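*Asks:* curious how this folds, go ahead:
(3 chains)
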Amino acid sequence: MGETPHRSADAGTGGTRVTEGHQWPAGASARMAEAPVSVRTPGGPGLGGGGALPTARRFGAERAFRGLTLAAGGFVLVVIAAIAIFLIAKAVPALQANTENFWTFEGWFPNDAEPKFGIGALAFGTVLTATLALLVAVPIALGIALYLSHYAPRRVGTSLGFLIDLLAAVPSVVFGLWGREIFLNPVRDFSAWLNTYFGWIPIFGGDGPFGRSILLGSLVLAIMVLPIVTSLSREVFLQTPTANEEAALALGATRWEMIRTAVLPYGRPGIIAAVMLGLGRALGETIALAMTLGITFNISFNLIENGGNSIAANIANTFGEANETGRGALIASGLVLFAITLIVNITARAIIYRRREFTESAA
Amino acid sequence: MTTTLTSHRPRPPAQPPTLRARRLPKWLPPAVALGALLVAAAIVYGAGIGGPVLVVVVGALLYLVGLFAAANAVEGRRSARNRTWSALIHSAFVLAVLPLASVVWTLVTKGLERFDANFFLTSMNNIGARDPEGGAYHAIVGTLIQVGIAALITIPIGILCAIYIVEYGRGRFAFAIRFFVDVMTGIPSIVSGLFVLAFWVLVVSPYFSSTGRPGFSGFAAALALSVLMLPTVVRSTEEMLRLVPAPLREGAYALGVPKWKTILRVVLPTALPGIVTGVMLAIARAAGETAPVLLVAGGGAAINFNPFENNQSSLALFVYQQAGDASRYAPARAWTAALTLVALVLILTVAAKLLARRNRLGR
Amino acid sequence: MAKRIDATNVTAYYGAFKAIENINLTVEPKTVTALIGPSGCGKSTFLRSINRMHEVLPGARVEGNLTIDGQDIYDRDVDVTAVRRMIGMVFQRPNPFPTMSIYENVVAGLRLNGVRRKSILDEAAEKALRSANLWDEVKDRLGKPGAGLSGGQQQRLCIARTIAVEPQVVLMDEPCSALDPISTLAIEDLMFQLKDKFTIIIVTHNMQQAARVSDRTAFFSIEKTGDPGRLIEYDNTQKIFSNPGQKKTEDYITGRFG
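*Replies:* Next up is the predicted model:
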């Protein structure tokens, strides 16, 4: 465990798996390469692939290629910097024109002569829908992942796993369409039922109309992130060393105890990564929410009444009629969304990093 | 030592006196299930609080409780826990299959309604609200052009960047690049759309357009998609490069082959199938993105082969716009476009996965 | 504590492939029995059949009769987990749980069985670690990850984990094949001590090891690849190595076997 190369230790939410397969840390091979390259006798045309070019150009090619890769690497930094710079540059004028408090005002009228807009309700809606979606999706996703990796017959597990991978690739606009045209009806009935019998709980209160609500949006989001989280955690579970599973079984563990002793602890960093990736997806999801939420601009915990909104959905919905200030306001809201997802991502990476460095100890 | 070995201690409770254990008879779990359903039906219809769906839900809960109680009484706590978790995991599976199956089913049944030649050979130009015709030809063209350009931009930069990280990069700069590639993975698609809006559409495009005013274009959408694809391509390439065994590199170095040539001739070809898989998955994801295209390509009803001027649509955007269209013929077009989009994405995904699988077997 | 194992006509399959056929042998309590033979002859399969670990693999099944002190291990009413608690197993490669500390590894089996009291766990952990000759090396770092130990220490940790639940029989599947000679010696010493208390069955490729540690030796072999493994000879270790009754056994132990 300790010999995991440090480079892969921060393999973040993008790649959930430590690249344990390679035998050498990348640095090692790079260093090893120095010797043959610089010691090679100049001018001596070898028999191998290196012989075709004269020395000077050979060094030139080496340097040029290295420079090219360096430029490509640096390009990433440039893009990130450009994103920050351009978004801020376009957001600031709009924010200055705002006549209300950007953080607390509940409403979005940036196109008026006196622009008024606030991010509070949108950010609240973003976080609320994403959180609810994960609360629903994660337990189910982990259940399915365990079913596919440890309960289902192997052939069933593999083919269903493949199917789940495919579902993870289905574009969000399709889920949005389905949520709006099909799923709306059962959710509306369910909401009405909840309202009838649990209306005394504020989150299920209100007088309707029901349906195009936070509940619908969150459930559609949950169904969307479900395949992603399932697919990633299934892969993690499958990577549990058989030796550890057999060790648990040989101690007399039942199947569930084996999973608790060997599979879950081993997979924890991977599960956290999968969940965080799902959260990132849910927070940034635009179209599915734009198609299912009722679009209001107030902060409300009511889950079942028509309403709800999110930063991304608001951008998609109001972009069409935005003027210059309006676009600036939307860009400002995009910056806030970017910041939220950034925090989630960095937290996830920190957790994973710590877990990998330090295998839990006790007693 | 020997004293501890022979010292008498009460047997730990672990030691079973006999191997035999009392088992729940085979007929009991189904019986419990039936009983639970009957009780649930009695409760639900007796109190008049719901329909068949609620009966099943309450029945399932009662079944879990009943199963735990029965197993606990007959087989003991550990076995009861094992059975309950097993039932929970299986029900998670059933619970998730229902909506996902519904998505697939509606997609196929509704999508086939307009799956005709007219749909694929006409655009939405001059199609009014009362016209049942109209198709997605322009959107398909848009998707292919945008994704194609995005791939042309992303693939070289992404692969070079990964080469830098794996083969050349050391120290803080390489770490920074890795870190920011991770950050880029977490950028929501709408934010990348806003970035290209702020950068290309509003600032740069006026210099290129004949009117001197900012304009939407397919190229802008391709830029936004590139921002989304780049981290995926870098990540998967990086992982594949790391999988190339170090001895392969060393073998080339030992022959006096310069490093850049080793990378291009030995390392890249070895990793190629994996890289292609990663690139195809990235393309599949980009093809399904709606939000960036909405923000920077604007969508449009007419066929536009020129990515540098005027609005362009895409399949995903077409789905979104048709779903929001008031015409009673729009939903059918939306579903068919969704089916086409899913088919496109799935073909790419399946091909990528098959390639990856064949590659794995070949090793 | 220790119990006797009887195998009658044991045949084991992986799917359609028959790995061992009609194995008959009796293992006496408080002895060390070595199973030797060429690769692929089914000795590990037989070993795994004894505590029903064989059936963990998809498609694997066992026929015939295996009893421990007269109780049928494969009886329909038998609880598999009870079998495995009674018949512990040490694997070829040390496999401590990577996320657990040394202490947690040792008490993992007890915790599974519902032992919660700290004092009992502490006592059991110390006892098991002492029995595994590991206590002095790890007593100051019980909270450290088990994966941080050396290979030999890890294997002894796995032995400690196995004997902590106080099984009657301990199966060892080539426990030293991944270890250096010094660690191997430590584990062989340990086997001598453990046989006071447990019935031990060990699979080994190393004939010197079989000769050193075991009281009885069973020689398994196959005719050719694809054939099921069979028990060729089973006798006192001394007899097997000095005066084997079968030509095949003699060929194998003298190294004339292909």
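*Asks:* tell me where the stretch 101-250 of chain C has strands.
*Replies:* For the stretch 101-250 of chain C, the strands defined by DSSP state E, counting those that start in this stretch occupy C:169-173, C:199-203, C:216-221, C:230-236.
*Asks:* mind checking which of those strands is nearest chain B?
*Replies:* Among these, the nearest to chain B by Cβ to the nearest Cβ is strand C:169-173 (12.2 Å). Placement of C-beta: from N, CA and C, glycine included.
*Asks:* identify the residues contacting the closest one?
*Replies:* Contacts with strand C:169-173, where a contact means Cβ atoms under 8 Å, 6 or more residues apart in numbering or on different chains, come from C:2-3, C:5, C:27, C:44, C:47-48, C:50-51, C:68, C:86-92, C:159, C:162-163, C:191, C:194, C:198-203.
*Asks:* quick one, helices of the stretch 251-363 of chain B?
*Replies:* Secondary structure of the stretch 251-363 of chain B (DSSP state H, counting those that start in this stretch): helices located at B:259-262, B:268-287, B:291-296, B:315-323, B:330-362.
*Asks:* now the shortest one: mean pLDDT?
*Replies:* It stands for helix B:259-262. If you average the pLDDT over helix B:259-262, you get 89.
*Asks:* how far does it sit from the chain's center?
*Replies:* Once both centres are worked out by Cα atoms, centre = their mean, to the nearest Å, helix B:259-262 turns out to sit 35 Å from its chain's centre.
*Asks:* run the contact check for it versus chain A.
*Replies:* Yes - using Cβ under 8 Å from any Cβ of the partner chain, helix B:259-262 reaches chain A at B:Lys259, B:Trp260, B:Lys261, B:Thr262.
*Asks:* what does the third one give?
*Replies:* Yes - residues of helix B:291-296 are located near chain A by Cβ under 8 Å from any Cβ, namely B:Ala291, B:Leu294, B:Leu295.
*Asks:* likewise the longest one?
*Replies:* Yes - using Cβ under 8 Å from any Cβ, helix B:330-362 reaches chain A at B:Pro331, B:Ala334, B:Trp335, B:Ala338, B:Leu341, B:Val342, B:Val345, B:Leu346, B:Thr349, B:Val350, B:Lys353.
*Asks:* hang on, the earlier thing: which one of the residues of helix B:259-262 next to chain A has the most neighbours?
*Replies:* Sorting the residues of helix B:259-262 next to chain A by how many neighbours each has (other Cβ atoms under 10 Å in any protein chain shown) puts B:Thr262 first, at 25 neighbours.
*Asks:* what sits closest to that residue if chain neighbours are left out?
*Replies:* B:Ala252 (4.1 Å; Cβ to Cβ, 6 or more residues apart in numbering or on different chains).
*Asks:* burial count for the one you found?
*Replies:* Count around B:Ala252 with other Cβ under 10 Å applied: 23.
*Asks:* so it sits against B:Leu264, correct?
*Replies:* No - with contact defined as Cβ atoms under 8 Å, B:Ala252 does not count as touching B:Leu264 (10.6 Å).
*Asks:* around chain B, pick out the residues from the stretch 101-250 of chain A.
*Replies:* Counting by Cβ under 8 Å from any Cβ, the residues of the stretch 101-250 of chain A that sit close to chain B are A:139-144, A:146-147, A:151, A:162, A:165-167, A:169-178, A:180-183, A:193, A:197, A:223, A:226-227, A:230.
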